[in-house]
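[1] What shape does this take:
(one chain, ligands or ions: 1)
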Amino acid sequence: MDTGIRTDRIEKIREIVSSLLEQVPNPALRADGYVHMFGVAQACVLLAMRRGEDIELAAAAGYLHDIATYTTGSALDHAHRGAEMAKQILRESGVFSEEEIGKICQAIFFHSDKKMENGPLEEILKDADVMQHCLYDPGYVAKKEKDRYKKIRKELGIRKEKDKEKDKDK
Ligand SMILES: [Fe+2]
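    Numbering: from 1, shown residues only. The predicted structure follows:
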């Protein structure tokens, strides 16, 4: 089935991110990088589908959003540093236009500002970041991610655990 989605572009970014992560010397950090960035990319695709936004841009933003953290081992100012790194990587990839690169990098630039609301792509990336954390460890939600997590669950029609318990008792 032709979905019209350029999976070759997504594949290209995935390959580049994989090759960068392969060079991370700390095995635990490397594994975390794969799990988190690949997981966020998939959550980005899901949210882009749900919200009718550009799936390829959302996937690229997810794959690259924490590239600064995992390749340098420091999370300090990683969103801003990551946006710069992503710009370089995306330009070298040759599969996205300058306009698209601008959109992807803007989403990465703002992704740490979870309390702020930005445009649709920024919001997809922030929500996907929260989703991956909460899907990885469903028993824990960080305080700063609570409000977004609540909204995402509502959007996706996922009910609270305690409401499900109530239904069982009926
Ligand atoms: Fe992240």
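[2] Could you use CA atoms for every contact and neighbour count after this?
    OK.
[3] and G33, what does it touch?
    By Cα atoms under 8 Å, 6 or more residues apart in numbering, the residues touching G33 are 21, 70.
[4] for A83, helix, strand, or coil?
    helix (DSSP: H, G, I helix; E, B strand; the rest coil).
[5] Please tell me how far it sits from A107.
    Counting by Cα to Cα, to the nearest Å, the gap from A83 to A107 is 8 Å.
[6] now A79
    Distance, A79 to A107, by Cα to Cα: 9 Å.
[7] if you count what's nearby, which of the two comes out ahead?
    Ranked by neighbour count (other Cα atoms under 10 Å), A79 and A107 place A107 first, with 27 against 24.
[8] what comes up buried for the longest helix seen in the chain?
    Taking DSSP state H as the criterion, the chain has its longest helix at helix 27-51. Residues 29-30, 33-34, 36-48 are the ones in helix 27-51 that count as buried (16 or more other Cα atoms under 10 Å).
[9] Phi and psi next, for the closest residue to A107 other than its chain neighbours.
    Distance criterion Cα to Cα, 6 or more residues apart in numbering; nearest residue to A107, sequence neighbours excluded, is E122 at 4.2 Å. Backbone torsions of E122, given as degrees, to the nearest 10, read phi -60, psi -40.
[10] Good, we can wrap up now.
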